[in-house]
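K.L.:
Return atomic coordinates for the entry below.
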Amino acid sequence: LALSLGLKNKIIDIGLNTQGEPFAKVEAGVNLGELKKEVEKLRFFYPPDPTSYQEVQVGATVATNATGADTFKYGPTRRYVQEMDVFCVDGRMRHLSRARKLPRSLIKNTAGYFLGGEEIDEVIGSEGTLCLIESVTLKLLKGVKPHVFLLMLPFSDFEKCLKAVPLIEQLEHKPRALELVGPGAIDYFVRCPSCPAELKSEKCFLMIKDEYVDETDFDSTLT
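P.N.:
Model prediction:
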């Protein structure tokens, strides 16, 4: 049975809760890209960024615990789901909410149901097998730096590239995203007409994405 929730696309509310924390309540069919635009108008930020964020619906990202490049710093969708209304298989509607903060060690689950958290965590990432998500209340962030940049770090040796990853992860300032451009992908990169000639002999790259406020902050972040 396939159900389309494309018409359940209302952004119900964006604002601050009683604790002064920003949130968004949306129906499951809301487009993720549109939600990001709306929260940014209020100078808030919703981190989950799957590659298909311009096409995917918010309910689908919750059902899959979607991730993206920014997960390196901000974590997957689970971290931002606070409440949801769901339809059970017997037709009942239930309201699920998070009672406590999710332990950082339990944020990402890659296979099967997530049984290390609360009841709401069993639904997140369950791929639609337990219930139908009707609406979701999401945690937003404020004070995130508005601009981003990409930095390509070249390596002549694949092993050295891999060894650099834990060193970067241990830095006091953690970048927003860290991606490997390795064997296979590197072939497309060096064929690009805009690829500098001195980089065409490199074996792999680390792509670093980070954020900054202004030019002064940009220089400081690079340093």
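
K.L.:
alpha carbons only for contacts and neighbour counts from here, please
P.N.:
Will do.

K.L.:
what's the longest helix along the chain packed up against?
P.N.:
Among all segments of the chain classified by DSSP state H, the helix with the greatest residue count is helix 158-169. Contact here means 3 or more Cα pairs under 8 Å, 6 or more residues apart in numbering; DSSP states H and E; on that basis helix 158-169 packs against strand 204-212.

K.L.:
Averaged pLDDT, the strand it packs on. What do you get?
P.N.:
For strand 204-212, the mean per-residue pLDDT is 94.

K.L.:
Run through who's touching it.
P.N.:
145-158, 161, 175-183, 186, 218, 221 (Cα atoms under 8 Å, 6 or more residues apart in numbering).

K.L.:
partners of that strand in the sheet?
P.N.:
For strand 204-212, the pairing partners within the sheet under DSSP bridges are strand 147-155 (antiparallel), strand 177-181 (antiparallel).

K.L.:
which parts of the first one are buried?
P.N.:
Buried positions in strand 147-155, judged by neighbour count with 16 or more other Cα atoms under 10 Å: 154-155.

K.L.:
Please enumerate the helices of the protein.
P.N.:
Applying DSSP H to the chain gives helices spanning 32-41, 58-64, 71-74, 119-123, 158-169, 185-191, 215-222.

K.L.:
Out of these, which one sits most buried?
P.N.:
Looking across the helices of the chain with neighbours counted as mean count of other Cα atoms under 10 Å, the highest average goes to helix 58-64: a mean of 24.
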